[in-house]
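Asks: Task: produce atomic coordinates for the following.
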Amino acid sequence: MAIQHASAGEVVDLGTFGGDRTVAVVKEQAFEVMRVVVAPGKPFPPHKVDGPITVQCLSGRCTFSVGDKPLEMSAGSWLHLAGGAMHSLESKEGAVMLVTIMFAPKSEDSQ
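Replies: Numbers count the residues shown, from 1 in each chain. As a prediction, this is how the structure comes out:
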């Protein structure tokens, strides 16, 4: 069964939305919000996105590395990254993260 995105005005429980897998909570033209499930011992390799992002740890603990700098995150912690920043993520015990990616506005020429 496919996971549905949250609708505008809908309240969702981020503790359970999507179960034990990574899902997009909502995707709009200007931004996307994902509930990212980090399984113990299964790292997300270094990557980057064009737009700025925010990351909030909803549960568990993880190491969120920005470039070569490891940052420890636990439930309730939050960070912001500029677009294009190389980052990676891993957890020994598992974690659930809320990630928001902001997209650059599309110009009239590119539509």
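Asks: For the nearest residue to F31 once chain neighbours are set aside, what are phi and psi?
Replies: Spatial nearest neighbour of F31, excluding adjacent residues (C-beta to C-beta, 6 or more residues apart in numbering): M102 at 5.1 Å. From N, CA and C alone the C-beta is placed, and that goes for glycine too. As for M102, its main-chain torsions (degrees, to the nearest 10) stand at phi -90, psi 130.
Asks: list the contacts for M102?
Replies: A30, F31, G51, P52, I53, G83 (C-beta atoms under 8 Å, 6 or more residues apart in numbering).
Asks: E32 too?
Replies: So E32 contacts A24, V26, T100, I101, F103 (C-beta under 8 Å, 6+ apart).
Asks: which residues of this structure score low on pLDDT?
Replies: By pLDDT under 70, the low-scoring segments of the chain are 1-3, 106-111.
Asks: Which strands or helices does the longest strand along the chain pack on?
Replies: Assignment by DSSP state E gives strand 53-66 as the longest strand of the chain. Strand 53-66 sits against strand 31-38, strand 69-74, strand 78-81, strand 87-90, strand 95-102, with contacts defined as 3 or more C-beta pairs under 8 Å, 6 or more residues apart in numbering; DSSP states H and E.
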